[in-house]
Structure formats: C-alpha cells, structure tokens
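S.K.: Here's my sequence, what's the structure:
(one chain, ligands or ions: 1)
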Amino acid sequence: MEKFIKKQKTLSTKDKFTITPNFKTPFISPENIIHIGEIAQKYNGVLKIGTNQKISIINIDEINLQRVIDDLNFDCVPKGKNLLTNITVCTSNFCRMSKYPTIGIYMKIVNEFYGIELPSKTKIAISSCKNSCVSAYVKDIGILADSNGKLFITVGGCAGTNPKSGYVLASDLDEKSTYKLFKSVINYYQSNANSKEKLRDFIDRLGFENFKSNL
Ligand code: SF4
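M.R.: Prediction:
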C-alpha cells in the first residue's frame, strides 16, 4: 500500500495524504469519474487535477488510506521522485487541429516505460500539432506532429524557474522511427547520466551534437 501513498505538504499541522488512480489512458469514462468522486466524498477527500493529467484524491486521513485503496480497486500511480509517471498527450485524435493521431504512440510509450526509474524527474508530452497544448517544447522529451503530418522530437526542454525550449533532435519522422529514437534517448539517459542530473543538464554537459551522435 505504501508505494501508492503520498504525504501532502500542507500548512496544516494535521497529516493528510494523496492517492492517485492510474487509468493509463488520457480518457476516463463517466463511470470511473463517478466512482472516484463517490470515494472522495465518502472519505472527505478533495479531487485535484494535476499537470500529469491524473485526478488525485487529496486530503485523505491516515486512518482511511487502506479503505480508499480497497474501494478504488484500481492500479494507482506509484510514488517516487524519479519514476517516470508524467506522460501527457493532447486531445489528439479528437481535435480538429490534429495533424497526426498520436494516441497510438502515447499508449506504446505508457505501456513500455511508465514507472521506470530515471536519473532525475522527467516529463514527457505528446502533441498532435505544433500548437502544443501540453507544452511539449518545455518538457524533457516532446513528441509533436508537424504541419506535414510527420513527427518530430525535442529533448531537454524544461519549465520552472529557468525555462528553456527543448532542442529539436530529429524531424520528418514516421511513428516507428519516432518510437525507436525516443527509446534510444530514454535508454541512453538512464544508463549514462549522473544521479539527479536533468536531461537538459546531461545534454549540455555532453554537447548536443555529441549527445545526438551517441544515440
Ligand atoms: S496540440 Fe493541436 S491537436 Fe493537440 S489539442 Fe492542441 S490544438 Fe488540438
């Protein structure tokens, strides 16, 4: 049970906890939303929509933690600072601006890489057009559809106090090559970066051209 529970950082003196069901898809059925809402209501929780596109039940009292997990009956998002759990996708196939249906590559990435441990906190965003509603340019790895329907990958973007747009690693890719290159970036970063080193810092330490040629 412990691996799913996060202690809230709160101004209150009383400990409160967070549990986040993991649906592993960007879409949630009305039944599941109602189910989560009913559990939150039952245990006096509050629902919070996170930047990771997940709905968390926050404000849970310690005494109710096991009951919430049992009632949810869902896989939950594991805690761990450097576990890859922040993978987002835009409205994609359902948006009229979409240049490529990115749900397929999103699901492949989630199924293979969700929850792996990386050297530092890593965020990934996938966009079906360059409007980038999920801010893919400022994520550690971005996958975006270009106006011509091909995909491109950015690496080393970051937000926060010192925001930087990612470097364009490759463009004019089909889905298969995009996935292959994404996998190389993850594997190379996982095996070679220093502990706590952000992808951007790792790339800048090596030099972008050097990083690129090592993939
Ligand atoms: S990034 Fe483009 S395709 Fe995706 S939701 Fe935004 S406008 Fe639509």
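
S.K.: C-alpha from now on. contacts and neighbour counts both.
M.R.: Fine.

S.K.: roughly how far apart are residue 163 and residue 90?
M.R.: 21 Å (CA to CA, to the nearest Å).

S.K.: out of those two, which sits in the more crowded spot?
M.R.: residue 90 (25 against 11; other CA atoms under 10 Å).

S.K.: This structure against the ligand: which residues are in contact?
M.R.: Residues of the chain lying close to the ligand by CA under 6 Å from any ligand atom are 90-92, 95, 97-98, 127-129, 131-133.

S.K.: Check the offset of stretch 62-70 from the chain's centre.
M.R.: 25 Å (CA atoms, centre = their mean, to the nearest Å).

S.K.: average pLDDT across it?
M.R.: When pLDDT is averaged over stretch 62-70, the result is 90.

S.K.: mind starting the numbering at 707 from now?
M.R.: With 707 as the first residue, the last one maps to stretch 768-776.

S.K.: Counting only strands, which of the residues of the chain next to the ligand make the cut?
M.R.: residue 833 (DSSP state E).

S.K.: Just the buried residues of the residues of the chain next to the ligand.
M.R.: Among the residues of the chain next to the ligand, the ones that count as buried by 16 or more other CA atoms under 10 Å are 796-798, 804, 833-835, 838.

S.K.: List just the nearest of those to residue 864.
M.R.: Distance to residue 864 across these (CA to CA) is lowest for residue 838, with 14.3 Å.

S.K.: Pull the contacting residues for that closest one.
M.R.: 796, 850 (CA atoms under 8 Å, 6 or more residues apart in numbering).

S.K.: Mind doing that once more with 10 Å?
M.R.: 795-796, 831-832, 844, 848-851 (CA atoms under 10 Å, 6 or more residues apart in numbering).

S.K.: ditto for residue 898
M.R.: 825, 908.

S.K.: ok, it to residue 826 distance?
M.R.: 12 Å.

S.K.: residues near residue 905, how many?
M.R.: 28.

S.K.: Can you show me the CA trace of the longest helix along the chain as PDB?
M.R.: Selection of the longest helix in the chain by residue count, based on DSSP state H, yields helix 881-898. Taking C-alpha atoms only, helix 881-898 is exported to PDB below (Å, rounded to 0.1, in the frame of the first residue of the first chain):
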ATOM      1  CA  GLU A 881       5.800   6.800 -35.900                       C
ATOM      2  CA  LYS A 882       8.100   3.800 -36.000                       C
ATOM      3  CA  SER A 883      11.300   5.900 -36.200                       C
ATOM      4  CA  THR A 884      10.000   8.300 -33.600                       C
ATOM      5  CA  TYR A 885       9.400   5.500 -31.100                       C
ATOM      6  CA  LYS A 886      12.800   4.000 -31.800                       C
ATOM      7  CA  LEU A 887      14.500   7.300 -31.300                       C
ATOM      8  CA  PHE A 888      12.500   8.000 -28.100                       C
ATOM      9  CA  LYS A 889      13.600   4.600 -26.800                       C
ATOM     10  CA  SER A 890      17.300   5.400 -27.500                       C
ATOM     11  CA  VAL A 891      17.000   8.700 -25.700                       C
ATOM     12  CA  ILE A 892      15.500   7.100 -22.600                       C
ATOM     13  CA  ASN A 893      18.000   4.200 -22.600                       C
ATOM     14  CA  TYR A 894      21.000   6.400 -23.100                       C
ATOM     15  CA  TYR A 895      19.900   8.900 -20.500                       C
ATOM     16  CA  GLN A 896      19.100   6.100 -18.000                       C
ATOM     17  CA  SER A 897      22.400   4.400 -18.400                       C
ATOM     18  CA  ASN A 898      24.800   7.400 -18.700                       C
END
